[in-house]
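Q: here is the input, now give the coordinates:
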Amino acid sequence: MRSALRWERAPLLALAVGTLLLAAWAGIVRMGWNWPVLFPALPLSHGPLMVGGFLGTLIGLERAVGVQKRWAYAGPLLTGVGGLLLIAGAPTGWGALLMLLGSAVLVVVFAGIIRTVPALYTVAIGLGALLWTLGNGLWLAGWAIPQVVLWWAGFLLLTIAGERLELSRLLRLSRTASGFFVVATALFVAGLLVSLADYASGVRLAGLGMLALAAWLARYDIAWRRLKAGGQARFVAVCLLSGYVWLAISGLLALLYGGMSAGPFYDAILHSLFLGFVFAMIFGHAPIVFPAVLGLPIRYSPWLYSHLILLHATLLLRVGGDLLLWMWGRQWGGLLNGVVLLLFLGNTAFSIFGSNRQT
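A: Numbering: from 1, shown residues only. Presented below is the predicted three-dimensional model:
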């Protein structure tokens, strides 16, 4: 069955990667660069494409591979096609509806996982999928993206935190540590709920939850013990630990500028989270996830550090430009963020296909 399903994976992965490239192009256009607008609706779809079209499709595909259920592939297919509709300029409602349905499939997947493995980490990851679905529902109902984007962020934050909690079981965490995780998660979710009535207060409370989750991850993640391992294990650990710094920065910025729904400070909050935290996680897990999806081995190379280091350097330039109201730094940081994503895809492809060519 594993081999029989591989043919279904590559097109979905290609769809996710293609959406990433177009979403990055849209982000560069939104930064003020006078680049051609490939599709008229593309700049306005930057956020939904990045979260739902790319990350939602990629995570849904990873879960479908994991559970080995053919129907589970409907999730990434729906979100991927929803992204294509947004790119093509179809009415937003159609793309939002397909992404809502695709995220709902992921909720069903995790309902089955939780039933089989009723543990705190499975509940946390399942809750993340539910937050994504609720956010998509709000988006479909007509709520503005600034009002729903933290619900989408909750999907990624709890997916990552839950996976790290699962691995941290090897450390035999105390009840205090588990309780800390629950409280931090509850703070973030409470912030989302409060934001529906009071946006600024809700974002600040969610920021406090992000800070708490960053502190939990920094304190209890097994990544600290992998730094001494060397090779790919150390690379993954460095990715994770550096990403937690950006999560803390995003939480702190949310506390300070929680009422912002546009402009440089808003940009700093979101991209500290989505680029600094989430993409550092993606960089660390790509050598594991991509081969699992494609069924191909990967060859680790220290060159993988190049896109990680440049991610942090260019994001520092961007966020610094945001906070200092320095347009040159903000624009060039955003442009170079896109270049880093290209470098990441190139490095990953070379590591996978170069390794298999040698084999």
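Q: how about the strands in this protein?
A: According to DSSP state E, the chain carries no segments that qualify as strands.
Q: buried ones in the lengthiest helix in it?
A: Counting by DSSP state H, the longest helix found in the chain is helix 327-358. The neighbour-count criterion (16 or more other CB atoms under 10 Å) identifies 329-338, 340-341, 343-344, 347-348, 350-352, 355 as the buried residues of helix 327-358. C-betas here are computed from N, CA, C, even on glycine.
Q: touching stretch 207-217 from outside, list them.
A: Outside of stretch 207-217, the residues within contact range by CB atoms under 8 Å, 6 or more residues apart in numbering are 157, 161, 164, 177, 180-181, 183-191, 240, 244-245, 247-248, 250-255, 258, 269, 273.
Q: mean confidence (pLDDT) on it, please.
A: Taken as a whole, stretch 207-217 has an average pLDDT of 95.
Q: buried residues, that stretch. List them.
A: Burial within stretch 207-217, assessed by neighbour count using 16+ other CB under 10 Å, is assigned to G207, L208, G209, M210, L211, A212, L213, A214, A215, W216, L217.
Q: quick one: these as CSV, columns for distance to S103 too.
A: Putting those into CSV (distance: CB to CB, whole Å) gives the following:
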residue, distance to S103
G207, 24
L208, 26
G209, 21
M210, 21
L211, 26
A212, 25
L213, 21
A214, 25
A215, 28
W216, 25
L217, 24
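Q: separation between A280 and G18?
A: For A280, the distance to G18 equals 22 Å [CB to CB, to the nearest Å].
Q: these two: who's more crowded?
A: For A280 versus G18, neighbours defined as other CB atoms under 10 Å are more numerous around A280 (25 against 16).
Q: list the contacts of the more buried one.
A: If a contact means CB under 8 Å, 6+ apart, then A280 has C239, L240, S242, G243, W246, L308, L311, H312 as its contacts.
Q: closest to L38 out of those?
A: Among these, L311 lies closest to L38 (CB to CB), at 24.1 Å.
Q: for the closest one, what are its contacts?
A: With contacts defined as CB under 8 Å, 6+ apart, the neighbours of L311 are L275, G276, F279, A280, F283, N337, V340, F344.
Q: thought A111 was touching G126?
A: Yes. With contact defined as CB atoms under 8 Å, A111 reaches G126; the gap is 6.9 Å.
Q: quick one: which of these two has more around it?
A: Regarding A111 and G126, a neighbour count based on other CB under 10 Å identifies G126 as having more, with 21 against 13.
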